Structures are given as C-alpha cells and as structure tokens.
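Novice: prediction below, plus the sequence it came from.
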Amino acid sequence: MPAGRADVGGSRVTELDRDVDRDVAWLAPDTPVDLDNCAREPIHVPGSIQPRGVLLAVSEPDLVVVQASENLAGLTGVAWSDALGRPLAEVIGVAQAGAVVRSASAFGDLRERNPVELTLDVGGDPVPVDAILHRAVLGGVRDEHDQPTDGDPPQTNLVVELEPARGPRPFSFPNTYQAVRGTVGALNRASTLQELYDTTAQAVRDLTGFDRVMVYRYDADYNGEVVAEARAAGLNSFLGLHYPASDIPAQARALYEKNWIRLISDVDYVPSPVHPTAHPVTGRPLDLTYSTLRSVSPVHVEYLHNMGVRASMSISLLQGDRLWGLIACHHYAGPHQPPYATRAAAEFLGSTLSLRLVDRTAEDEVHRALQVRSTLAWLTAATLDEDRPLAETLLGSPSLLDVLPADGVTLCLQGDGGTRGARLDPALVERLVAWAAAQGEDVVATDSLPRDAPELGAPPEVACGVLVLPLAEGQYVLWHRREAVHSVDWGGDPHNKAIAEREGDSVRLSPRKSFDRWRETVRERSQPWTPQERSEVGQLRNHLVEALYARSRTIVRAAETLQRSLLSEPPAADHLDVGVRYVPATREAQVGGDWYDVFVQPDGSTMLVIGDVVGHDTAAAACMAQLRGLLRGIAYDSTGSPATVLARLDAAIEGLGLGAMATVLVGRLEPGARGTARLRWASAGHLPPLVAGPDGAAVALTGPRPGLLLGVDPRAVRTDQVEELRPGSTVLLYTDGLVERRDSGFDDGVGLLGRALAELRDRPVEQVCDALLGRLVPDGAEDDVALVAVRLVEELAPASHHSPAGGGPLQGGRP
C-alpha cells in the first residue's frame with residue numbers, strides 16, 4: 001500500500017494541484033512533522049535528495065551550477081562548494097556536459113529522452129551513470145508540455161540528476177516497449193478488469209524484482225483497495241485490504257497526478273541536503289516536484305518502517321487527469337534499486353494499464369448510456385400521448401426503473417400516482433417529498449437518509465437512499481434503494497491510525513504500527529447514486545417539465561413545445577451562416593418524425609443531419625427522438641466518416657431492438673483555407689443535398705446510389721461522397737415534405753427547389769429559408785418539413801441572421 005506520505009516521479013498541472021496550492025497553508029521550514037500536520041508539509045520542496053545519486057541545478061543558457069547536493073563529490077570527485085558558480089563542463093566533464101546540452105536542446109519533451117547515458121571520469125576510474133533531466137520552473141505556472149500558461153515565459157533551471165548505473169543495463173530506454181511487449185499483448189487480450197489488474201501486477205514484479213507488487217484502486221473518496229497482488233512466497237496477502245484516504249493526503253495525490261513514478265531505494269537513507277538551501281533567484285528551496293531523487297517525508301519513511309518495508313516504488317494510474325490508483329511495490333529483504341530504464345519500462349506498463357482501463361470504462365459506459373438514452377427518448381416521446389395518463393406511461397414497460405435502477409419508484413403527476421417495484425408507506429413518501437422540496441434543488445439525492453435526514457425516520461431496510469425530482473404543484477418522482485450492508489477489510493483500524501510516541505518532553509503522533517486485517521461492517525448506506533445517473537435523471541426532469549407544460553396547452557402549443565425540446569438551436573460560427581426550419585403538417589396530429597441537427601465537433605468540423613422516420617404521430621416521434629439522440633452521441637466526437645456514423649446507427653437500431661426505419665443524410669462540413677470547405681456526406685435513402693454556388697445554379701449532389709434506409713439491413717454498405725465548396729456557397733438539406741406533390745414526382749419538386757435556391761443565393765440564409773417555404777408550401781405542408789441551410793462566409797454574419805435559442809422557426813415564424 002502506498003501510505004502516510006506519498007511521493008512520486010510524467011508531469012501535469014491538475015485541478016487538484018491548483019486546489020492544494022490555493023487552500024493549503026504550508027508548514028514553515030524546520031517545523032517538526034507528525035500525523036497532526038503532515039497534510040501541510042511542503043513535500044515538493046524538501047531541500048534534500050535521496051543519496052542514491054546526485055543533483056545539480058544549472059542556470060540557462062549559460063549552464064552554470066547554482067545548486068548542488070552535498071554528496072556531489074562521492075560521484076563526481078568535485079565538492080559541492082567547489083561546484084557552485086562553475087560551468088557544468090568543469091564539474092562533470094566537457095564531453096559529458098555536451099551530451100547533456102544536446103539532449104536538453106533537442107525539440108520535444110525532455111523526459112522522452114531520459115536517461116542520457118554518460119561515463120564519468122572519477123580519479124581515472126570510469127563510472128557509468130544515467131543522467132536524468134528536467135526543468136524546474138522558477139516562477140509562473142507551466143502546463144504538461146512545460147510551456148508557460150500565463151504572462152511572460154518564466155525563468156527555468158536545468159536540473160541534472162546523476163544515478164550510478166550499477167550492473168549491466170537491462171535495456172536502453174528506446175527498447176522499453178520491447179521489454180514489455182508480451183505484457184502489452186496480454187493486456188490487450190484481457191477480457192475482464194481483474195485480468196488486467198493481475199497481469200500488470202505480475203509483469204511489474206517480474207520486471208523490477210520487488211518482493212510485492214500491488215494494484216491499488218481508489219474510490220470516489222480516495223479510500224484505497226488492493227485489487228491485485230503478486231508477491232514472493234512466504235509473504236502474507238494484502239489482497240482485498242482497504243486503506244483510508246488520509247493515508248495519502250491531497251497534496252501527495254497532486255504530485256502523483258503530475259509525476260508518475262517514485263522510488264525509495266532504501267528507507268534507511270540519510271538525506272543529502274541541496275546547497276544553498278535557498279535558490280539564488282527565488283530565495284526559496286528548489287522545487288523538486290519532477291525530481292527522481294527527491295527526498296520523501298520522514299512520516300512516510302516511518303510508515304514504511306512500521307510495515308517492515310525496506311524499499312518501495314509507486315507508479316500512478318490515471319483516468320484522464322484524475323488519479324485512479326497506483327501500482328505499489330514493496331521490498332522487504334533490504335535496499336532495492338531497479339535501474340532507471342527498468343523503472344521506465346514499469347512506468348510504461350502503468351500507462352498502458354491506465355489506457356486500457358479508460359478504454360474498458362468507456363466501452364461499458366457507452367453501452368450503458370446508449371441503453372439509458374434509448375429508454376429515456378422513448379419515454380420522453382411517449383409522454384406526448386395525451387390519451388394515456390403520464391403516470392401509466394412512466395410506470396409501464398419500459399419504465400423509470402430502466403432509466404435509473406432502484407428497489408422501487410413512486411410518482412405523482414397530474415393528480416395520478418403510482419408505484420413500480422417495492423412500495424413505501426404513503427406517510428413516509430409524503431415526508432420524503434417535503435424534505436426534498438425544501439432542499440431547493442432540481443435533483444435531490446442521498447445514499448444515507450439516517451445520516452442526512454434522521455428526523456424522517458426512514459427504515460434503512462426499506463429506504464436508506466433516495467433520489468427525488470421535486471416538480472411544481474407538489475408533483476414528484478422518487479426512487480429508493482434499501483440499505484446495502486457490506487464488510488470492508490481495512491489494513492489496520494482506519495479510525496485509530498495513529499499512535500502517540502514520546503520524544504523527550506513532548507508527545508508526537510506517529511503512523512500506526514498494526515496493519516492486521518480489521519473488518520468493518522458498513523451500515524445505513526445504500527448503493528450510491530452515480531454522477532452519470534444524476535445527470536440522466538436531470539435530463540428526464542427537463543423532459544417531464546416540458547411534457548407537463550405541453551399537456552396543459554392546446555394541441556398546437558403541445559406540438560410546438562415538442563419541437564423546441566427535440567430540435568436544437570444551430571451553432572453560431574464565424575465562418576458559417578446557418579438557418580433551420582421545422583414545419584409540421586397541416587393535419588390534426590401535429591407530431592411527426594422529421595428532424596434536423598447541427599452541431600460542432602471537437603475538431604471544429606460541423607455536422608449537418610436531416611432525417612425522416614417512416615410513419616407519423618407518437619410512434620414516429622418516439623423513434624425520431626431515439627434516432628436523433630443515438631446519432632448525436634455516436635457522431636459528436638467520432639473521427640469516422642458520415643458513412644461510418646450511419647453504419648453504427650444502423651447497428652444500434654438492430655442491437656437495441658428499436659424496430660425503426662428512417663431516411664437519414666449525414667454531412668460533415670470541414671473548414672478549409674480562405675472561406676472554403678469540404679462537404680463529406682453519406683445518405684441512407686434520403687433526398688440529395690443541394691448546393692448553390694456564389695455565382696451559379698444550384699446542383700443536386702447525387703452519389704452513385706442513394707443508400708438503403710436505416711433499419712432494413714445493418715450490414716448495408718455505406719459510402720461517402722465529397723464536394724469542395726467555395727466561399728459564399730449555400731448547402732441545403734431538406735425532407736420530402738418540401739418537394740413531394742400529389743400531381744408531380746420528386747424530381748420535379750427537387751428541380752423547382754434548386755431553381756428557387758439559386759435565385760435566392762444572395763440573400764441571408766434566414767430569408768432564404770422563409771422564402772423557400774413561401775414558394776414551395778405557400779398553403780402549408782401536406783407532410784412535415786424540416787430543412788437546414790448553411791452558407792460559407794469569410795467573416796461573422798450579422799447576429800440577426802442566426803436563429804434564436806429554442807430551435808428553428810415553426811411554419812415560417814419564430815417560436
């Protein structure tokens with residue numbers, strides 16, 4: 001287990017780090033450290049190093065030594081006092097300094113070139129060493145690429161750490177991947193998380209030779225659990241043990257997120273001070289955040305002694321920028337110092353495991369989110385069926401328990417109440433709803449009513465955790481979960497993790513000495529409500545509010561509200577002028593399956609979507625909501641082509657059993673130079689897009705084939721088409737309600753639309769949209785109409801050209 005004071009060696013400025021720097025009142029220098037104040041120990045500026053190597057801080061660009069560790073002479077033959085103020089070449093040798101300078105001057109990340117392999121001449125004897133380089137910032141804040149994030153570039157010092165390369169180098173840094181290639185393959189083949197953990201633990205132990213290697217996972221509160229272990233014969237197992245978050249304070253976790261590996265080769269080391277203690281420029285100790293030799297907290301060393309550990313190493317496991325866990329290595333037989341290249345290989349394995357964990361988590365979350373989003377979309381659309389009570393709709397099949405798993409759900413909407421799953425006493429429900437309403441939040445959740453609202457008297461075996469959506473006029477939706485009694489095995493009593501040590505006339509709090517398994521039974525807690533679950537029910541609440549509003553209005557107002565909730569406002573962009581419209585058919589049921597969507601991807605490309613679900617009324621609207629939500633989720637950060645997006649959507653329709661059929665056209669507008677753009681598009685049976693150049697007629701972009709409708713054959717081959725667009729060009733996507741006539745075919749309607757678009761090409765796109773509707777459906781559409789018009793412009797269009805929030809105008813007017 002990592003422990004009392006965790007220290008490390010990769011580099012990122014994280015939110016946790018900024019929070020620590022802002023909130024922590026660091027201890028004054030030379031303040032005695034114990035468990036009462038160790039969370040405020042400035043472990044990034046200890047003023048000393050571990051003596052397995054030496055450290056030099058060198059000014060740039062003149063390469064003069066400004067600080068040196070006290071043990072310098074033992075490796076270089078030059079006393080630290082003689083080194084100060086001298087050029088680096090006079091301390092380590094001309095050739096050696098030249099190799100350091102070449103590595104430090106090359107383009108890219110310094111750490112990617114570590115170590116620099118040198119041979120020092122000490123009294124005529126050649127001494128091979130690994131030079132490990134990084135830059136210490138003397139002012140300002142820098143990002144993970146060592147670039148300034150604000151103001152002028154701060155001054156830096158080149159920090160040179162020299163470690164003797166004892167014994168044969170097992171492999172050079174460029175061959176790190178070869179050293180762990182088999183393990184990487186095994187990680188890629190792993191089918192479960194446990195297999196990922198076990199494979200990594202064993203591989204790191206085989207690679208580094210530590211007596212014990214553990215994979216250590218954090219929970220949301222940074223309590224840790226040993227989830228995998230590889231150990232020498234005769235050692236007791238730590239597998240399954242938990243350790244409290246206070247074992248690794250926040251400022252230590254911040255270092256783990258910035259610097260990804262830390263070695264203590266001998267816990268009995270005597271720190272070697274860095275001279276002078278105060279840096280000549282800053283007047284403060286040198287920041288050793290990224291140092292591989294950085295001295296560690298005496299509390300952490302004491303903790304390791306209490307565990308019987310003689311050497312340790314930790315490797316960070318990250319999900320994004322957040323610390324997910326550690327690979328913790330312990331050695332008991334004596335000091336243990338894997339060479340730098342071996343540590344680099346182990347760090348590479350840690351990074352590989354981190355990536356596989358992210359991939360696995362993303363795969364699981366995408367599958368779960370697609371299922372929930374599909375159910376949520378179906379329920380949202382189904383609530384628009386005014387012939388069915390809202391409570392009956394939400395408690396049917398699928399139900400609210402498919403959106404948010406719980407033991408039961410109780411609701412009261414528009415005067416109708418109901419329950420699905422386990423029932424609660426009505427009087428308890430009334431108290432819970434009143435308590436939730438008093439919180440003043442849209443989503444109220446707790447996994448421990450006995451802790452957060454003991455006055456309600458909720459029996460934990462029935463309702464220990466609740467999530468409530470308070471709505472207007474006393475309406476509500478309430479999910480509840482029973483108490484989830486479980487046992488946690490701790491490595492020592494987490495409530496008594498310190499011992500009092502008398503030191504002369506004073507008493508000092510020291511780390512605990514007992515790490516025996518200590519079992520705690522956790523009660524009065526339900527399964528927690530995850531952030532994803534809270535977000536999803538928040539979306540549900542928005543839809544419920546809209547549904548309740550729609551049901552209180554006329555059919556026309558209900559249809560308008562539906563379109564506002566399901567059709568998004570087009571984005572405003574400097575290089576695009578965008579107009580959208582949705583016109584419901586002039587029939588009694590004004591809910592249909594046409595839709596559009598326009599959104600910007602992370603790389604700056606703009607996605608254009610137009611679709612038409614087969615059928616009308618509530619069923620078509622439900623399918624439309626499902627397909628639009630699925631397509632947006634698939635396409636948002638997809639680097640694949642529009643054809644790939646359509647193929648994945650088709651597979652989702654079959655895999656989720658939606659039973660939907662629709663024509664869809666997906667376009668990806670990729671900006672080019674000087675106002676040009678490339679339109680990459682693919683069609684699933686939809687009408688072709690029209691493009692009107694700035695000075696020519698409109699052209700229908702017909703590919704070799706229109707493509708098969710979605711929902712017919714998920715194995716259908718989808719292909720992309722590409723069109724280069726000049727500045728001033730206008731792209732128009734539309735549904736068949738705009739061009740279909742009883743007395744003429746589609747070709748005639750498309751031709752008429754193209755001629756009208758060409759004539760209107762000089763007008764703002766908002767006027768173009770209104771004029772097209774006025775010419776082609778002057779008396780209202782027989783079928784729903786959706787259209788998207790996009791024009792390439794070289795500068796920001798006037799604000800009046802953009803649609804307002806809430807979606808496109810309905811029937812030519814603004815909503």
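Specialist: Great, that's in hand.
Novice: which neighbours does the helix or strand harbouring residue 790 have in its sheet, and in what orientation?
Specialist: Counting by DSSP states H and E, the element that carries residue 790 is strand 785-792. Strands that pair with strand 785-792, judged by DSSP bridges, come out as strand 576-583 (antiparallel), strand 730-734 (antiparallel).
Novice: quick one: it to chain centroid distance?
Specialist: 33 Å (CA atoms, centre = their mean, to the nearest Å).
Novice: let me see the mean pLDDT of it.
Specialist: Strand 785-792 comes out with an average pLDDT of 92.
Novice: same question for stretch 747-763.
Specialist: Stretch 747-763 carries an average pLDDT of 90.
Novice: over to stretch 681-699?
Specialist: In this model, stretch 681-699 carries a mean pLDDT of 91.
Novice: report the buried residues of that stretch.
Specialist: Residues of stretch 681-699 classed as buried: 681-693, 698-699 (neighbour count, 16 or more other CB atoms under 10 Å). Placement of C-beta: from N, CA and C, glycine included.
Novice: again, but for stretch 251-269
Specialist: Judged by neighbour count (16+ other CB under 10 Å), stretch 251-269 contains these buried residues: 251-267, 269.
Novice: swap in stretch 596-612?
Specialist: Under the neighbour-count criterion of 16+ other CB under 10 Å, stretch 596-612 has 596-601, 605-612 buried.
Novice: counting only strands, which of those make the cut?
Specialist: Among the buried residues of stretch 596-612, the members falling in strands (DSSP state E) are 596, 597, 598, 599, 600, 606, 607, 608, 609, 610, 611, 612.
Novice: beta partners of the first one?
Specialist: Applying DSSP bridges to residue 596 gives these bridge partners: residue 610.
Novice: which residue ranges form the helices in the stretch 151-300 of the chain?
Specialist: Along the stretch 151-300 of the chain, the stretches classed as helices by DSSP state H, counting those that start in this stretch are 176-179, 181-189, 193-208, 250-258, 298-307.
Novice: need those in JSON lines with mean pLDDT, can you?
Specialist: What follows is these, written out as JSON lines (pLDDT from 0 to 100):
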{"stretch": "helix 176-179", "mean pLDDT": "62"}
{"stretch": "helix 181-189", "mean pLDDT": "79"}
{"stretch": "helix 193-208", "mean pLDDT": "88"}
{"stretch": "helix 250-258", "mean pLDDT": "76"}
{"stretch": "helix 298-307", "mean pLDDT": "82"}
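Novice: those: which one's closest to residue 116?
Specialist: Of all the helices of the stretch 151-300 of the chain, it is helix 176-179 that lies closest to residue 116, at 15.3 Å by CB to CB.
Novice: mind checking how far the closest residue in space to residue 211 that isn't next to it in sequence is from residue 305?
Specialist: Closest residue to residue 211 in three dimensions, ignoring its sequence neighbours and counting by CB to CB, 6 or more residues apart in numbering: residue 232, at 4.6 Å. From residue 232 across to residue 305, the span is 19 Å (CB to CB, to the nearest Å).
Novice: also residue 434?
Specialist: Between residue 434 and residue 305 the distance, using CB to CB, works out to 55 Å.
Novice: how about residue 452?
Specialist: Using CB to CB, residue 452 is found at 41 Å from residue 305.
Novice: I'd like to know how many residues surround the closest residue to residue 602 other than its chain neighbours.
Specialist: With sequence-adjacent residues excluded and distances taken as CB to CB, 6+ apart, residue 602 is closest to residue 637, at 5.5 Å. Other residues near residue 637 come to 9 when the count uses other CB atoms under 10 Å.
Novice: let me know the secondary structure of residue 637.
Specialist: Taken by DSSP: H, G, I helix; E, B strand; the rest coil, the conformation at residue 637 corresponds to coil.
Novice: would you mark the buried spots in the longest strand anywhere in the chain?
Specialist: Longest strand of the chain, by residue count under DSSP E: strand 125-137. Across strand 125-137, burial judged by 16+ other CB under 10 Å covers 127, 129, 130, 131, 132, 133, 134, 135, 136, 137.
Novice: over to stretch 735-753?
Specialist: Neighbour-count burial for stretch 735-753 flags 735, 736, 737, 738, 739, 740, 749, 750, 752, 753 (criterion: 16+ other CB under 10 Å).
Novice: of all the residues you listed, which two lie farthest apart?
Specialist: Between any two of the buried residues of stretch 735-753, the greatest separation by CB to CB is 15.4 Å, found for 735 and 752.
Novice: and the residue positioned nearest the centre of the chain, backbone torsions?
Specialist: In the chain, the centroid-proximal residue (CA atoms, centre = their mean) is residue 320; its distance is 5.3 Å. Dihedral pair for residue 320: phi 70, psi -130, per degrees, to the nearest 10.
Novice: look up how far residue 354 lies from it.
Specialist: Taking CB to CB, one finds residue 320 at 9 Å from residue 354.
Novice: what do you get for residue 705?
Specialist: Taken as CB to CB, the spacing of residue 705 relative to residue 354 amounts to 44 Å.
Novice: who's more crowded, those two?
Specialist: Each of residue 705 and residue 354 had its neighbours counted (other CB under 10 Å), and the higher figure belongs to residue 354 (21 against 10).
Novice: identify the residues contacting that one.
Specialist: For residue 354, the contact set (CB atoms under 8 Å, 6 or more residues apart in numbering) comprises 316, 317, 318, 319, 324.
Novice: which SS state does it fall under?
Specialist: Of the three states, residue 354 takes helix under three-state DSSP.
Novice: now do the domain split for this structure, please.
Specialist: Under the assignment named as automatic domain parsing, the residue ranges that make up the domains of the chain are 15-361, 386-485+525-536, 569-801.
Novice: tell me how far the second one lies from the chain's centre.
Specialist: For domain 386-485+525-536, the distance between its averaged C-alpha position and the chain's averaged C-alpha position is 29 Å (CA atoms, centre = their mean).
Novice: ok, stretch 191-199 next?
Specialist: Relative to its chain's centre, stretch 191-199 lies at 22 Å (CA atoms, centre = their mean).
Novice: and it, what's buried?
Specialist: For stretch 191-199, burial by neighbour count (16+ other CB under 10 Å) applies to 193, 196, 197, 198, 199.
Novice: how many neighbouring residues does residue 222 have?
Specialist: If you count neighbours by other CB under 10 Å, residue 222 ends up with 17.
Novice: list the contacts for the closest residue to it other than its chain neighbours?
Specialist: Spatial nearest neighbour of residue 222, excluding adjacent residues (CB to CB, 6+ apart): residue 245 at 3.9 Å. With contacts defined as CB under 8 Å, 6+ apart, residue 245 is in contact with 218, 221, 222, 223, 224.
Novice: show me which of those is closest to residue 661.
Specialist: Of all the contacts of residue 245, the one sitting nearest residue 661 is residue 218; the distance, using CB to CB, is 46.4 Å.
Novice: surely the closest one and residue 325 touch.
Specialist: Yes - under the criterion of CB atoms under 8 Å, residue 218 lies in contact with residue 325, with a separation of 5.4 Å.
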